[in-house]
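Undergrad: Could you work out the structure for the sequence below:
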Amino acid sequence: MRGLQRKRLRRTYVAAALIGALIAGGGAFAISNWIVGLNGGSTAEAQSGAVQNLTISAVASPAPANELYPGGTGDAVITISNPNPFPVTITAVQLPTDSTYATGYTTSALTTTQTGCLATTPSGVTWAYANGTSGSSHALTTALTVGASGSLNNPLVVTLTNDAAMGSSAPAACENTYFQMPALVGITASGGAATPTASPTSDGWAS
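TA: Have a look, this model is predicted:
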């Protein structure tokens with residue numbers, strides 16, 4: 001037993017000695033009060049990433065709640081995909097002219113065009129509030145934030161409420177038709193930390 005106790009005491013003493021040495025070492029450095037400076041121009045390197053464009057596409061689901069009719073407005077449904085590693089917030093869209101028309105299709109797959117209801121017919125279907133100037137800007141009712149690449153709400157599905165319009169002189173061939181809306185001219189957007197908009201959502205512009 002005495003032999004075991006002696007071994008334990010020795011081990012305890014060794015550990016205590018090591019701790020004491022560490023404390024003493026730290027104290028010696030502090031007492032010396034050495035001042036360490038930097039050479040002029042000392043720095044580090046960082047690099048910003050390339051910003052990639054968003055992709056806005058037509059989508060059939062969810063189905064528009066408000067359908068088009070001559071002289072009226074209806075919903076348009078889109079998806080917005082963000083390939084960037086950070087969220088992107090959209091605050092406005094830029095529209096083509098009010099004489100840039102949608103093309104009609106026989107099904108929601110948008111693969112077979114509807115005879116007599118093409119952009120060149122014309123179909124009479126345009127973006128609501130578009131005017132004679134290409135690129136006119138229209139603020140969204142609520143800003144849309146598309147999450148970073150790989151996030152749950154990317155792509156973001158958005159129903160643009162009553163932002164498709166059909167002229168009163170739209171041809172009869174455009175009845176019971178699905179429309180691929182004209183491409184947007186641009187968007188107003190910024191990147192950076194923001195809470196992503198839950199998908200799906202509804203939004204749009206009112207003027």
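Undergrad: List the contacts of the residue nearest to the spatial centre of the chain.
TA: Geometric centre of the chain, nearest residue: residue 146, 2.1 Å, by C-alpha atoms, centre = their mean. By C-beta atoms under 8 Å, 6 or more residues apart in numbering, the contact set of residue 146 is 54, 80-82, 87-90, 153-156, 196-197. Yep, even glycine has a C-beta here, placed from its N, CA and C like the rest.
Undergrad: give me phi/psi at it?
TA: Dihedral angles of residue 146 (phi, psi; degrees, to the nearest 10) stand at phi -90, psi 120.
Undergrad: Could you do the one 4 residues further on as well?
TA: Dihedral angles of residue 150 (phi, psi; degrees, to the nearest 10) stand at phi 90, psi -10.
Undergrad: count of residues packed around it?
TA: 9 (other C-beta atoms under 10 Å).
Undergrad: cool, and residue 128?
TA: 21.
Undergrad: Likewise for residue 151?
TA: 14.
Undergrad: Could you find the closest non-adjacent residue to it?
TA: residue 196 (6.1 Å; C-beta to C-beta, 6 or more residues apart in numbering).
Undergrad: go on, residue 139?
TA: In space, residue 139 is closest to residue 92, 4.6 Å off (C-beta to C-beta, 6+ apart).
Undergrad: Check residue 169 and give its pLDDT.
TA: pLDDT for residue 169: 94.
Undergrad: List the contacts of the closest residue to it other than its chain neighbours.
TA: Once flanking residues are discounted, residue 169 sits nearest to residue 124: 6.0 Å by C-beta to C-beta, 6+ apart. Taking C-beta under 8 Å, 6+ apart, we find residue 124 in contact with 70, 101, 166-171, 174.
Undergrad: Mind checking which of those residues are in strands?
TA: Judged by DSSP state E, strands contain the following of these: residue 166.
Undergrad: Which single one of the contacts of residue 124 is nearest to residue 191?
TA: Closest approach to residue 191 among these (C-beta to C-beta): residue 101, at 32.7 Å.
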